[in-house]
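Engineer: Have a look at this prediction, sequence included:
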Amino acid sequence: MSSEKFQFQALFLFLSLFLSLVSSHCSPQHREPQRGGGLKLKHGGGPKCQQHRVDTRESHAVESERLGKRVRRKRKIYMDSGDEEEDNNQEEEEEKAKAGKGRRAAKLARLASALPNKKRAWSWPVYLEEEKAVAAPVKLFKEHQSFPQSRNSFKVGMKLEGLDPCHPSLFCVLTVSEIQGYRIRLHFDGYQECYDFWVNADSWDIKPAGWCEKMGHKLLLPKGCKDGEFNWSMYVKNCRGQLAPKHLFKSLNTSVTPSGFRTGMKLEAVDRKNPSLICVATIAAVVDNRLLIHFDNWDDTYDYWCDASSPYIHPVGFCEEAELTLTTPAEYKHPKSFSWEKYMEETGTQAAPARAFKPRPPHGFQYGMKLEVVDKRNAMLIRVTTIADVEYHRLKVHFDGWSDEYDYWVDTDSPDLHPVGWCQKTAHPLQHHSSEPGLPPGQGCPTPGCNGVGHVRGPRYGTHYTQVSCPYSEMNLNKEGLLPDRLSGERPMTLGGPYQRARRPELSQTNPLTNAPTALPEQPDTPDDTPVIKSAPVPKYLKMHYVKEEIGDGKASPDTISLQQALHESVFSPGMSASTPHRVALCWDKHCQLLPEVLGLTAKRVAAWNSEEVAGFVKGLPGCKEHAATFRTEQIDGEAFLLLTQADIVKILSIKLGPALKIYNSILMLKNADEE
């Protein structure tokens, strides 16, 4: 039986081999002659070959069916069930694929709908179309406002000479501390960063090192440098800095045309900080085509530079002809009978010729036009802006997306105005409403619209998170003089008379300091403030009973009353402010007796405190325990605490005058301790 099985298998193998050989030689394809000379069969082969192939296939099929009969029987059961499972699996896979495609399509649809809102870059053309607005034509802008013709090649660390924006008559030693597009941030050598300021790279206000010496102007030197010993080469070498190359200063290439103005000539000029006033003024300097206007017997902080076409300057006799009031020089003996002829004779001066004054043509700006404007409250930023109103030579600018309370007036020739596209052209960031998303409550600055960028103390601090430090908060919105004068007590009186301005006490009554952008700086403004440094007596309006009502908790001894009076003097006497810490030393011993908690502390140390430490300090002051929670709730840290004024403590924090005096005086004492 086994031998028969073996023979059958051998026969089956032989037949399989034979069939494979036949199929390879009898191909239905047309064969080409081979290299060896043999010919392959053409399509179909011969009759004998075809018959042989059919017979072989039949016998092979019979044998294969006989051999696989039993196997097929066994597999039949499994095949039926397997096919069923396979069909089910295939249907499930198809359903999953369809569901997956559906989910992916939905996700893609969501992304497609979200992308235009979240990822689309902001652009002026799209924004103007959406707002149905027009851009201010480029032709309306002056050359120094329009698109620059060269790149900004200044580098951080370069040193130069430039005007102090707070003291426009002074040229100072400056260093480039930051580059932003076509703008540069300048630092006063030897002073804190809070006094840094921004200018365009082509600004007329900056000059190369050595310019003052060449032109005969005095250069205000950094702290520690002595007049007559300063040398730019040695200074730069010691500082390991570098001088800014002369070719970077565009102002050197401006053409100068004779104007008819000369230094010392008299004219009538508008006080730009109080535009309702036209005052007696003198041309203090002439540089290129620009004039330095100085108000006779006024502080030089009110000086400004302009050209012959400025609408702020007028020839002698303008006010009389226009029937306007001319404000006479401070401390002039006979203001009511002021006469130009007599005054010029007394001063040995002459009037600027009327022909030298050039009328300025209308500016052409219109309500609703769009432009880009530097934010004066946060000068590192340029914002999308709309013209909210126009005057003869001024524009009222409105920052898009912000409240109208932030609007302010700016001169049409201001270097802070730029045409649409200026930021993109100069690679400077542009602040638009969509770039300032609102932060969740409790995060960032609490002032609506503010994203925490900038600081009331200037560029020294890049960010803030409290209203006390916010440039846009209600308490800081329209304040001027938030920083102490950089040169307070450091230099002698400048041209024209008393260093402190003695002017118009009536204006401070009709226009509170915090009302309008054109209000007087937050400094004493009466003739009494000049002798304060010499320990002036307490003014008549300071009554002791008023102090006793607010401070006294009961009966007070004569010594206590005198200390309280000294404390009240230090806060309310004219000229006493945080900007003059050296004056606090006049009553230092008395203050320490009243507030011993301040002994051993300095402003530098307090600046690093958190709100809990500030609250603990306030809690320790006499009679201030119940107010400590206010500082904790408002999250006033050490830095913010040192920035508080007496008005802030009373009006913003709602603390009564008595405790407010103690808290504010402690701040003054801390700052004075730093000076000591």
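Structural biologist: Right, received. Where do you want to start? Numbers count the residues shown, from 1 in each chain.
Engineer: where are the low-confidence patches of the chain?
Structural biologist: Scanning the chain with the threshold set as pLDDT under 70 gives 1-10, 12, 17-119, 251-258, 434-443, 480-481, 489-597, 674-676.
Engineer: Name the single longest strand found in it.
Structural biologist: strand 167-180 (DSSP state E).
Engineer: With only the CA atoms kept, save it in PDB.
Structural biologist: Provided in PDB are the C-alpha atoms of strand 167-180 (Å, rounded to 0.1, in the frame of the first residue of the first chain):
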ATOM      1  CA  HIS A 167      16.200 121.300  29.300                       C
ATOM      2  CA  PRO A 168      16.200 122.200  25.600                       C
ATOM      3  CA  SER A 169      19.000 124.700  26.000                       C
ATOM      4  CA  LEU A 170      21.500 122.000  27.200                       C
ATOM      5  CA  PHE A 171      23.600 119.700  25.100                       C
ATOM      6  CA  CYS A 172      24.700 116.600  27.000                       C
ATOM      7  CA  VAL A 173      26.800 113.500  26.700                       C
ATOM      8  CA  LEU A 174      24.600 110.600  25.500                       C
ATOM      9  CA  THR A 175      25.000 106.900  24.800                       C
ATOM     10  CA  VAL A 176      22.800 104.800  22.500                       C
ATOM     11  CA  SER A 177      21.200 102.200  24.800                       C
ATOM     12  CA  GLU A 178      18.700 100.600  22.500                       C
ATOM     13  CA  ILE A 179      17.800 100.300  18.800                       C
ATOM     14  CA  GLN A 180      14.200  99.800  17.600                       C
END
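Engineer: Can you point out the buried residues in that strand?
Structural biologist: 167-177, 179-180 (16 or more other Cβ atoms under 10 Å). Just so you know, the C-beta spots here come from the backbone N, C-alpha and C atoms, and that holds for glycine as well.
Engineer: and Ala284, how many residues sit next to it?
Structural biologist: 20 (other Cβ atoms under 10 Å).
Engineer: Same check on Lys479?
Structural biologist: What Lys479 shows, counting by other Cβ under 10 Å, is a neighbour count of 18.
Engineer: Tell me if it really is in a helix.
Structural biologist: No. Read with DSSP: H, G, I helix; E, B strand; the rest coil, Lys479 is coil and lies in no helix.
Engineer: so how far is Glu639 from it?
Structural biologist: For Lys479, the distance to Glu639 (Cβ to Cβ, to the nearest Å) stands at 18 Å.
Engineer: go on, Thr175?
Structural biologist: 25 Å.
Engineer: the domain parsing of the chain - what is it?
Structural biologist: 21-72, 158-244, 526-675 (automatic domain parsing).
Engineer: could you redo the buried residues of strand 167-180 as CSV and give each row distance to Lys223?
Structural biologist: Output for the buried residues of strand 167-180, formatted as CSV (distance: Cβ to Cβ, whole Å):
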residue, distance to Lys223
His167, 15
Pro168, 21
Ser169, 19
Leu170, 14
Phe171, 16
Cys172, 11
Val173, 10
Leu174, 14
Thr175, 14
Val176, 19
Ser177, 17
Ile179, 25
Gln180, 27
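Engineer: Can you report how many residues neighbour the closest residue to Gly181 other than its chain neighbours?
Structural biologist: Residue nearest to Gly181 in three dimensions, not counting chain neighbours: His428, with 2.8 Å by Cβ to Cβ, 6 or more residues apart in numbering. If you count neighbours by other Cβ under 10 Å, His428 ends up with 18.
Engineer: my read: His428 touches Trp198, true?
Structural biologist: No. Applying Cβ atoms under 8 Å as the test, His428 and Trp198 come out as separate, 10.7 Å apart.
Engineer: Going along the chain, name the strands of the stretch 201-350 of the chain.
Structural biologist: 206-207, 219-220, 242-243, 266-270, 278-287, 290-295, 304-307, 313-314, 326-327 (DSSP state E, counting those that start in this stretch).
Engineer: about what we covered before: send the alpha carbons of the next helix or strand after the longest strand of the chain over as PDB?
Structural biologist: Toward the C-terminus, strand 167-180 is succeeded by strand 183-188 as the next helix or strand (DSSP states H and E). Extracted C-alpha coordinates of strand 183-188, given in PDB (Å, rounded to 0.1, in the frame of the first residue of the first chain):
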ATOM      1  CA  ARG A 183      14.600 104.900  16.400                       C
ATOM      2  CA  ILE A 184      17.200 105.000  19.100                       C
ATOM      3  CA  ARG A 185      17.000 105.200  22.900                       C
ATOM      4  CA  LEU A 186      19.500 107.600  24.400                       C
ATOM      5  CA  HIS A 187      20.900 107.500  27.900                       C
ATOM      6  CA  PHE A 188      22.400 110.400  29.900                       C
END
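Engineer: What pairs with whichever helix or strand comes after strand 183-188, parallel or antiparallel?
Structural biologist: Helices and strands here follow DSSP H and E; after strand 183-188, the next one along the chain is strand 197-200. Strand 197-200 sits in its sheet next to strand 183-188 (antiparallel), going by DSSP bridges.
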